[in-house]
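Trainee: Sequence below, structure please.
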Amino acid sequence: MRVAEPDITNTECAKRMGINRTSLQAHITKGVKEGWLEFSDVNSRLEYEIIPKAITNLSELLNQKDRLATIETVKHTAFKQYLDSKGISDAPTTVLALKIEPMPVEGHEPILALTGQIVGTPRAIED
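Mentor: Numbering: from 1, shown residues only. Below you'll find the model as predicted:
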């Protein structure tokens, strides 16, 4: 299917074949693992060859109770899921603020404005 339509997705391929997308993914991974399917595309090779090998190697290291593999796996999976479930994020938050100050009017007392951190250059509103 990819020879005829290079931009077709795995989801569309699976739909046309009458199988589930995850089943197709599993068959592709198995074909790569058994050596009868090779990819020239770097992204496909990464998805179907390199990442499954890395997961297998990680599983073997965890079975051997490798300390570093255990720590790194937990740091990048379980701890992140826990933080996400609690709404805790290390990502910086971006705040968009707008400060509107009234222009001084002769004969009236000036209006006091609250102060804070202001970034940028103010512009006056023309009448």
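Trainee: Now for the spatially most central residue of the chain, which secondary structure element holds it?
Mentor: In the chain, the centroid-proximal residue (Cα atoms, centre = their mean) is residue 91; its distance is 12.0 Å. In the assignment (DSSP states H and E), residue 91 maps to no helix and no strand.
Trainee: Could you pull up the residues touching it?
Mentor: By Cβ atoms under 8 Å, 6 or more residues apart in numbering, residue 91 lies in contact with nothing. Yep, even glycine has a C-beta here, placed from its N, CA and C like the rest.
Trainee: any idea how far it is from residue 82?
Mentor: Distance of residue 91 to residue 82, computed by Cβ to Cβ, to the nearest Å: 16 Å.
Trainee: Could you do residue 95 as well?
Mentor: 26 Å.
Trainee: Looking at these two, which has the bigger crowd around it?
Mentor: The neighbour comparison of residue 95 against residue 82 (other Cβ atoms under 10 Å) goes to residue 82, with 11 against 7.
Trainee: How many residues are close by residue 98?
Mentor: Quick note: residue 98 (other Cβ under 10 Å) scores 4 neighbours.
Trainee: Hmm, I typed the wrong one, I wanted residue 24.
Mentor: The burial count for residue 24: 16, using other Cβ under 10 Å.
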